[in-house]
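Enquirer: Take this sequence and fold it.
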Amino acid sequence: MTAGGSAALRTLVLHAGALGDLILTLQFIRRIWSSQGGLVALAGRGSWSLWAARVGLVDEAVVPEQVGLHELFTPEPADGTLFKAFLKRFNRVISFLDGPESAITASLRSIAPHAEVIGINPRPTAETFSAGQHITEQWLGDFAAACGASLEHLCKPGSYQASLKGTSTVAGDSEGGWVYCHPGSGGRAKCVPLEALERLVAALADAGHAARWVIGPDEAEQFGSALERQLRRTAPVDLELDCDAVVNLLRRARAYIGMDAGMTHVAALLGVPTAVVFGPTDPRVWRPLGARVRVCRFPESGEPAERWASRMLGEVSSLVVGDRGSMLREPRRPGVVEA
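Expert: I've put the predicted structure just below:
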C-alpha cells in the first residue's frame, strides 16, 4: 500500500471484531488507501489479520497481545508500557474498537497525543438501518467527517475484489471447480435449516454441478463429528480449520453458497461467484462486497424445503454460468446516481 502514496503517513488500524467484520474493514481500508497511500498496519484478532498482511491487503499486521493492546484498558498507562511505545511508530490511528466519543477513543488520544486518532463505531446506527445503508458507507462517512473532507476527496470508486500476493488462480473461473456450500454462521438464527440445504446440495448434484460441503472451526467445535456424518449423506465434506487452507479451497471453487458469515465475506473478497442467504439480518447493511455476489433469502414461512431448494438451484446455476446482470453492485453513496 505504500506505493504511490504518502511515505510520511503511517496508519495503525485497531480491530476486535469477528471475521466478517474484519473482511469489511479490510475493504474499507482498500477504498481509503486507493487514494491516500502510506503505510497501513493492522492490529486485529487471530490468524486472518496476519493473512491480510501476507497477501498485501495491509503492509503489516500484529496480534494485539503482542503489542500490549490490553494496556489501553488500564487507567493512565505509564510511559514505558509496551502499547504506548508501539503507538509511537504511527501518526494516525483508526480505531474500530468504539465510536469517536467513547472512553476507549479518549484513552487512545491521551496516550498517543502525537497522532491523529479517529474512532469509528463498528456497529450500525439507527440511521444506517433506517436508510438501508451498507455499514462500510457509514464508516466512510464517519472517517470523512473526522478528517473534515469529502468522500470524493478521500476515496476513489473502485472494486472491492482483492488482488492478492502469492495467488495465481482466478477465483470462480475453473470449469472443473466445485460448488461449495457452507452451512454455518456465528449465530444459529442466521443459518438456513439444514434439511433445506441438504435438499439444495442434492439438487445441485442432480443438475450436474459438482457440489461439496465445507465446514470450519465454529461448526467443528459446536457440533463435533455428528454434523460431518450427516452432511456426508448428500455430498463430500471438507473440514478447513486454517485460513490459508480456506483461501486455497475457495480460489478453486466454481461457486460458493453461504450464510451471513465470515467465510462468505472471504469468498466475496476473493471474487468467487457467491450466493449469500440472509434471514434475520439486513443484507442492505451487512451483505458481502464483491462484483460476483448475489443475495438470496431464507425459505419463506411454510415454504417446503424442496421448493426453496429448486428456487436456489436457479440462482446458483445462473451464477455458475456467469449471469452477472442481476448481481448486486457495490454500495453506492447517497446522492450518487449509477449509470
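Enquirer: Okay, buried residues for stretch 104-118 please.
Expert: For stretch 104-118, a neighbour-count test (16 or more other Cβ atoms under 10 Å) marks 104-105, 107-109, 111-112, 115, 117-118 as buried. Any C-beta I mention is one placed from the backbone N, CA and C, and that applies to glycine too.
Enquirer: Residues in contact with that stretch: which ones?
Expert: With contact meaning Cβ atoms under 8 Å, 6 or more residues apart in numbering, stretch 104-118 is reached by 14, 72-73, 77, 83-84, 87-88, 90-95, 97-100, 119, 142-143, 146-147.
Enquirer: Low-confidence regions, this structure specifically.
Expert: Scanning the chain with the threshold set as pLDDT under 70 gives 1-7, 34-35, 76-80, 151-176, 322-339.
Enquirer: CA atoms of the lengthiest helix in it as PDB?
Expert: Looking across the chain with DSSP state H, the single longest helix is helix 19-36. C-alpha atoms of helix 19-36 as PDB (Å, rounded to 0.1, in the frame of the first residue of the first chain):
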ATOM      1  CA  LEU A  19     -14.100 -12.400  10.600                       C
ATOM      2  CA  GLY A  20     -16.900 -10.900   8.600                       C
ATOM      3  CA  ASP A  21     -16.400  -7.500  10.200                       C
ATOM      4  CA  LEU A  22     -12.700  -7.800   9.600                       C
ATOM      5  CA  ILE A  23     -13.100  -8.500   5.900                       C
ATOM      6  CA  LEU A  24     -15.400  -5.500   5.500                       C
ATOM      7  CA  THR A  25     -12.800  -3.400   7.400                       C
ATOM      8  CA  LEU A  26     -10.100  -4.500   5.000                       C
ATOM      9  CA  GLN A  27     -12.300  -3.500   2.100                       C
ATOM     10  CA  PHE A  28     -12.900  -0.100   3.800                       C
ATOM     11  CA  ILE A  29      -9.100   0.300   4.100                       C
ATOM     12  CA  ARG A  30      -8.700  -0.600   0.400                       C
ATOM     13  CA  ARG A  31     -11.100   2.200  -0.600                       C
ATOM     14  CA  ILE A  32      -9.400   4.800   1.500                       C
ATOM     15  CA  TRP A  33      -5.800   3.900   0.600                       C
ATOM     16  CA  SER A  34      -6.500   3.700  -3.100                       C
ATOM     17  CA  SER A  35      -6.100   7.500  -3.000                       C
ATOM     18  CA  GLN A  36      -4.200   8.200   0.200                       C
END
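Enquirer: coming back round to it: among the buried residues of stretch 104-118, name the ones in helices.
Expert: Among these, the ones falling in helices (DSSP H) are 104-105, 107-109, 111.
Enquirer: Quickly name whichever of these is closest to residue 126.
Expert: Using Cβ to Cβ, residue 105 is the member of those that lies nearest residue 126, at 20.3 Å.
Enquirer: any idea how far that closest one is from residue 118?
Expert: Per Cβ to Cβ, to the nearest Å, residue 105 is found 8 Å from residue 118.
Enquirer: Straight-line length of stretch 206-221, end to end?
Expert: 31 Å (Cα to Cα, to the nearest Å).
Enquirer: same check, this time on stretch 53-70
Expert: Start-to-end span of stretch 53-70 (Cα to Cα) is 22 Å.
Enquirer: Distance from the chain centre to stretch 55-74, please.
Expert: Relative to the centre of its chain, stretch 55-74 is centred 18 Å away, using Cα atoms, centre = their mean, to the nearest Å.
Enquirer: ugh, wrong one, stretch 265-277
Expert: Computed by Cα atoms, centre = their mean, the chain-centroid distance of stretch 265-277 equals 9 Å.
Enquirer: May I have that stretch exported as CSV, CA atoms only?
Expert: Output in CSV follows, covering the C-alpha atoms of stretch 265-277 (Å, rounded to 0.1, in the frame of the first residue of the first chain):
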residue,chain,number,x,y,z
HIS,A,265,-17.2,-12.5,3.1
VAL,A,266,-13.9,-14.2,2.3
ALA,A,267,-15.4,-15.8,-0.8
ALA,A,268,-16.8,-12.4,-2.0
LEU,A,269,-13.4,-10.7,-1.4
LEU,A,270,-11.7,-13.4,-3.5
GLY,A,271,-14.1,-12.9,-6.4
VAL,A,272,-15.8,-16.3,-6.1
PRO,A,273,-19.4,-16.3,-7.5
THR,A,274,-21.2,-16.1,-4.2
ALA,A,275,-24.8,-16.8,-3.2
VAL,A,276,-25.3,-15.5,0.3
VAL,A,277,-28.5,-16.5,2.1
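Enquirer: picking that back up, could you check the longest helix of the chain and say which residues are buried?
Expert: So, applying 16+ other Cβ under 10 Å, buried residues of helix 19-36: 19-34, 36.
Enquirer: Which helix or strand lies directly C-terminal to it?
Expert: Sequence order places strand 39-43 as the next helix or strand after helix 19-36, per DSSP states H and E.
Enquirer: Give me the contact list for that next one.
Expert: Counting by Cβ under 8 Å, 6+ apart, 1-2, 7, 9-15, 26, 29, 33, 49, 52-53, 58-64, 67, 69, 89-90 sit against strand 39-43.
Enquirer: Same check on stretch 209-228?
Expert: With Cβ under 8 Å, 6+ apart, stretch 209-228 has contacts from 176-186, 201, 204-205, 231-232, 234-241, 246, 249, 254-255, 263, 316-317, 320.
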